[in-house]
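Colleague: Fold the stuff below for me.
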Amino acid sequence: MEFINRYVDRPLLDCGAMALRTWHEHTGQSPQKLAPFWNLIVILLLLSASSLFLAGSAYRLIFVALLMLSIPSLRVLAFGRSARTYNIRAYRALAAIAVRKREAEWAVRLTVLFTSVAFPFCVHVEDQTTALFLLGASLWFALIVPARLYLEAAEPPPPADDGRKVSSRETMFAA
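Modeller: Below is the predicted model:
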């Protein structure tokens with residue numbers, strides 16, 4: 001078990017922390033917005049790939065399914081609680097949640113990771129459209145679910161301004 005934790009789980013948590021830090025440094029957005037953004041990128045890639053291989057009613061079904069999968073991410077990005085400023089208080093809350101998830105959910109993360117690797121090889125079907133649908137579903141699962149779990153458990157970056165965000169109301173009274 002120590003081998004798996006040292007060579008699989010810990011490097012993926014470090015990659016998640018690096019991705020959150022890079023995201024926050026380049027965009028200035030809260031680290032909580034990276035997972036929904038990643039979800040939308042994967043959905044757009046699957047949508048473009050499905051347009052190459054599927055046509056007609058199968059493509060419409062895939063389009064609607066991917067559209068429905070993107071609605072929660074769009075809602076979080078547009079109206080989510082993480083739309084507020086990312087300050088030291090939000091950082092401490094995210095860090096506490098990440099520590100809890102790192103310690104309590106390591107078995108879930110590894111189970112989902114290994115399941116997502118094996119999932120595409122579990123089912124074989126003869127129909128090409130169904131096979132492409134299952135391949136897309138397994139790619140979505142493999143690219144979204146483990147990434148979300150590792151991003152939630154990764155150490156969040158500290159705020160860029162050390163928590164000295166000033167609201168517009170405070171600046172109005174300071175003037």
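
Colleague: What residues does Ala154 make contact with?
Modeller: Taking C-beta atoms under 8 Å, 6 or more residues apart in numbering, we find Ala154 in contact with Leu13, Asp14, Cys15, Gly16, Ala17, Ala19, Leu20, Ala98. All C-beta atoms are positioned from the backbone trio N, CA, C, and that covers glycine.

Colleague: which one is it nearest to, not counting chain neighbours?
Modeller: In space, and not counting its chain neighbours, Ala154 is closest to Gly16: 3.1 Å by C-beta to C-beta, 6 or more residues apart in numbering.

Colleague: which residue ends up closest to the midpoint of the protein in space?
Modeller: Ala35 (2.6 Å; C-alpha atoms, centre = their mean).

Colleague: Thr111: neighbour count?
Modeller: Look at Thr111: counted by other C-beta atoms under 10 Å, it has 12 neighbours.

Colleague: What degree of burial does Phe121 show, as a neighbour count?
Modeller: Neighbours around Phe121, by other C-beta under 10 Å: 8.

Colleague: Quick check: pLDDT value at it.
Modeller: If you check Phe121, the pLDDT there is 79.

Colleague: Quick check: it vs Pro11, distance?
Modeller: Using C-beta to C-beta, to the nearest Å, Phe121 is found at 24 Å from Pro11.
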